[in-house]
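Enquirer: Turn this into a structure:
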Amino acid sequence: MIHLTDSALNAVRNAIKGASEPVEGLRLKVETGGCAGNKYLMGLVKKAEADDELVERDGVKVFVEPASRELLAGVVIDFVVAIEGAGFTFDNPNATHSCSCGKSFG
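Expert: Here you go, the predicted structure:
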């Protein structure tokens, strides 16, 4: 379903280790908004919601919110460091278009 590159996996692992309180993993979801129609939301969570889908790689847990499953099916998440800054990128096979910043899609 969701694939984290090694770079993204390391970034999530470091965020979990550096959290001020214990967290169980990263939660992903899609909401209406952004300049292209839908936007990606992600954040560390203390525990999963009961109906979240679990994706686990090398001990890092990613929870996917149920309504976002279809929109995130097959997405590849990377963490890129560039002159402009660092951040997560999404290569989503379900997107027909995206904004120039890559944080929203339609």
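
Enquirer: Determine the longest helix present in the protein.
Expert: helix 6-18 (DSSP state H).

Enquirer: Run through the neighbouring helices and strands of that helix.
Expert: strand 25-32, strand 60-64, strand 76-82 (3 or more CB pairs under 8 Å, 6 or more residues apart in numbering; DSSP states H and E). (Glycine included, C-beta is placed from N, CA and C.)

Enquirer: Excluding its own residues, what touches it? List them.
Expert: Helix 6-18 has contacts (CB atoms under 8 Å, 6 or more residues apart in numbering) with 4, 23, 25-26, 44, 57-60, 62, 77-80, 88.

Enquirer: Same list (the helices and strands packed on helix 6-18) but as JSON lines, adding distance to K17.
Expert: Below are these laid out as JSON lines (distance: least, CB to CB, whole Å):
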{"stretch": "strand 25-32", "distance to K17": "12"}
{"stretch": "strand 60-64", "distance to K17": "11"}
{"stretch": "strand 76-82", "distance to K17": "15"}
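
Enquirer: And for the residue nearest to H3 when sequence neighbours are not counted, the neighbour number?
Expert: By the measure of CB to CB, 6 or more residues apart in numbering, the closest residue to H3 outside its immediate chain neighbours is V76, 4.8 Å from it. Other residues near V76 come to 14 when the count uses other CB atoms under 10 Å.

Enquirer: who's in contact with V76?
Expert: Neighbours of V76 in contact, by CB under 8 Å, 6+ apart: 3, 5, 90-92.

Enquirer: Is it correct that E65 is in contact with L26?
Expert: No: the criterion here is CB atoms under 8 Å, and E65 misses it with L26 at 11.6 Å.

Enquirer: Compare those two (neighbour count), which wins?
Expert: Neighbours were counted for E65 and for L26 using other CB under 10 Å; L26 has more, 24 against 19.
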